[in-house]
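In: Okay, sequence plus prediction incoming.
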Amino acid sequence: PHARCQVPVMGRLQGRTQEVIRLASGKVLDATTVGHTLFVVRGHADTVRLYQIVQEAPDRLRLRVVLRHGRDDALLERVRDDLAAIAGPGVLVLAEHSDDIPLERSGKRPVLKACATGSTSLHAR
């Protein structure tokens, strides 16, 4: 005989929510997938200290990067190219060096920030 297991129904989940942006193509980028691809698959973990992707328009992203060992235009371009490959065709990816990516008033530093038009951004809590 098999015993039936009574499992309580979970209520509303609280805690971290996912940072997400929606591109003009309908493709959705999330912080976990982008981070895994840039740092694990493409190997930028040893060279990039901080980064932030700001969606300026549904088809335009700005990548802000703080490198671990000073400014390196060739490295910045490789990270930009890798993000462009993730975003897909029709998305312009601009990249810039940054000395720091400051915390927002909330005390958080979102990896993905969406523009107000036609996208969704859920920041980590």
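Out: Received the coordinates, thanks. Numbering: from 1, shown residues only.

In: Nearest residue to the middle of the chain?
Out: A31 (3.5 Å; Cα atoms, centre = their mean).

In: all helices of this protein, in order?
Out: For the chain, the helices defined by DSSP state H cover 31-35, 73-87.

In: Tell me which of those sits nearest to R62.
Out: In terms of Cβ to Cβ, the element of the helices of the chain nearest to R62 is helix 73-87, at 10.1 Å. The way it works is simple: take the backbone N, C-alpha and C, and place the C-beta from them, glycine included.

In: and for that closest one, what are the contacting residues?
Out: For helix 73-87, contacts defined as Cβ atoms under 8 Å, 6 or more residues apart in numbering pick out 23, 27, 29, 33-34, 37-38, 42, 44, 47-48, 51, 53, 61, 63, 65, 67, 91, 93-97.

In: Tell me the buried residues within these.
Out: 23, 29, 34, 37-38, 42, 44, 47-48, 51, 53, 61, 63, 65, 67, 91, 93, 95 (16 or more other Cβ atoms under 10 Å).

In: Restricted to strands, list those.
Out: L29, V48, Y51, I53, L61, L63, V65, L67, V93, A95 (DSSP state E).

In: Can you name the two of those that sit furthest apart?
Out: Longest span within those, Cβ to Cβ: L29 and L67, 21.7 Å.

In: what about L103, neighbour count?
Out: If you count neighbours by other Cβ atoms under 10 Å, L103 ends up with 10.

In: re earlier: L112 is in contact with the residue nearest to the centre of the chain, correct?
Out: Yes - if you go by Cβ atoms under 8 Å, A31 and L112 touch, sitting 5.2 Å apart.

In: which residues are in contact with both of the two?
Out: Common contacts of A31 and L112, defined by Cβ under 8 Å, 6+ apart, comprise E19, V20.

In: before we move on, back to that, mind putting the helices of the chain into CSV with distance to R105?
Out: Converted to CSV, these look like this (distance: least, Cβ to Cβ, whole Å):
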stretch, distance to R105
helix 31-35, 19
helix 73-87, 26
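
In: Quick check: which of those is nearest to P102?
Out: Comparing those by Cβ to Cβ, helix 31-35 comes nearest, at 17.9 Å.

In: Done for today, thanks.
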